[in-house]
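Participant: fold the following, please.
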Amino acid sequence: MRTWLKTPALWVGLLFAVLLVDMRSLRPVFAWAFPGVRPEIFDRAGFIELFVSHLGLVAASGAAATMLGVAAAIFVTRQTGRDFRTIATTLATIGQTFPPAAVLALAVPAVGFGPLPTIVALFLYGLLPIVENSIAGLEGVPEAAREAARGMGLSSWQMLRDVELPLAAPVILAGVRVSVTIGIGTATIGSTVGALTFGTPIFDGLAGNKLPYVLQGAVLVALFAIVTDLLFAVLARRLRPAGS
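Facilitator: Down below sits the predicted model:
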């Protein structure tokens, strides 16, 4: 219990939860700081609703990017797929260097407004760190561990499942951590094409010259990213081999 009380993720998470549930308790503060703005608290949608929608976008795109990125890394680190390694990393690099706003502009005519173009943009933008880290993690598995697995009679699939992926997991997780954390911030632009995110109060505040809305959205998305990153750090410590 004392260990958990010393965990930054707990305290940042509590602050995040309190603001999500009871942002209106800060109404006097915003009324004092911004006397010309009414209402002082963003009320077009509830902050919990914004969080659930934002989380869904990041989770869907992150899960898709993780599955494809790890699968691609497995393929290009096998003997039959080594010739495709350069192509895989190049495509992933192109996906991240292509601006998410441009992806949204191209995706909207094809799939319409709403969450789907945002998921497409986040998926492409988050693929590169997962692919690169997955390749690095799989290639970093000691050859001695592979030889020991072969000596035990493990098949290629069993060696991948029981030896390579567990040993590469901390490095793969680091790539997923970067991808998801970036995705949380980038998802805010989805509000420009009709997705409900923490970017909704930000863009509404910019359009209506209501700075409190911008602050409320920005603080919540920042806390969301920090909490997520801290939780990934806790998970990374649990995946780290004993004695490392």
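Participant: how about the helices in the protein?
Facilitator: Per DSSP state H, the chain carries helices over the ranges 2-5, 8-22, 27-33, 47-76, 85-97, 100-111, 115-139, 143-151, 156-159, 165-186, 199-208, 211-239.
Participant: quick one, which of the ones you listed is packed in tightest?
Facilitator: Mean neighbours per residue, mean count of other Cβ atoms under 10 Å, is largest over the helices of the chain for helix 115-139, with a mean of 24. Backbone N, C-alpha and C define where each C-beta goes, glycine included.
Participant: got the angle for that one vs helix 85-97?
Facilitator: 140 degrees (axes from the mean of the first three to the mean of the last three Cα atoms, to 10 degrees).
Participant: could you find the closest non-adjacent residue to the spatially most central residue of the chain?
Facilitator: By Cα atoms, centre = their mean, the chain has its centre lying nearest to residue 180, at 1.3 Å. The shortest distance from residue 180 to any non-neighbouring residue, by Cβ to Cβ, 6 or more residues apart in numbering, is to residue 62 (4.8 Å).
Participant: low-confidence ranges, the chain, go.
Facilitator: Along the chain, segments meeting pLDDT under 70 span 1-6, 241-244.
Participant: for residue 230, what are its contacts?
Facilitator: Contact analysis of residue 230 by Cβ atoms under 8 Å, 6 or more residues apart in numbering lists 7, 8, 9, 12, 13.
Participant: quick check: the closest residue in space to the second one that isn't next to it in sequence vs residue 204, distance?
Facilitator: Across the structure, with Cβ to Cβ, 6+ apart as the measure, the residue nearest residue 8 apart from its sequence neighbours is residue 230 (5.6 Å). Using Cβ to Cβ, to the nearest Å, one obtains 29 Å as the distance from residue 230 to residue 204.
Participant: go on, residue 77?
Facilitator: 46 Å.
Participant: and the closest residue to residue 200 other than its chain neighbours, how many residues sit next to it?
Facilitator: Sequence neighbours aside, residue 191 is the residue nearest to residue 200 in space, at 4.5 Å (criterion: Cβ to Cβ, 6+ apart). Number of residues near residue 191 (other Cβ atoms under 10 Å) recorded here: 22.
Participant: so who does residue 191 touch?
Facilitator: 197, 199, 200, 202, 203.
Participant: swap in 6 Å and give it another go.
Facilitator: For residue 191, the contact set (Cβ atoms under 6 Å, 6 or more residues apart in numbering) comprises 197, 199, 200, 203.
Participant: distance to residue 40 for the helices of the chain - can I get that in a markdown table?
Facilitator: As requested, these are arranged in a markdown table below (distance: least, Cβ to Cβ, whole Å):
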| stretch | distance to residue 40 |
| --- | --- |
| helix 2-5 | 34 |
| helix 8-22 | 14 |
| helix 27-33 | 4 |
| helix 47-76 | 14 |
| helix 85-97 | 38 |
| helix 100-111 | 30 |
| helix 115-139 | 28 |
| helix 143-151 | 59 |
| helix 156-159 | 59 |
| helix 165-186 | 25 |
| helix 199-208 | 11 |
| helix 211-239 | 6 |
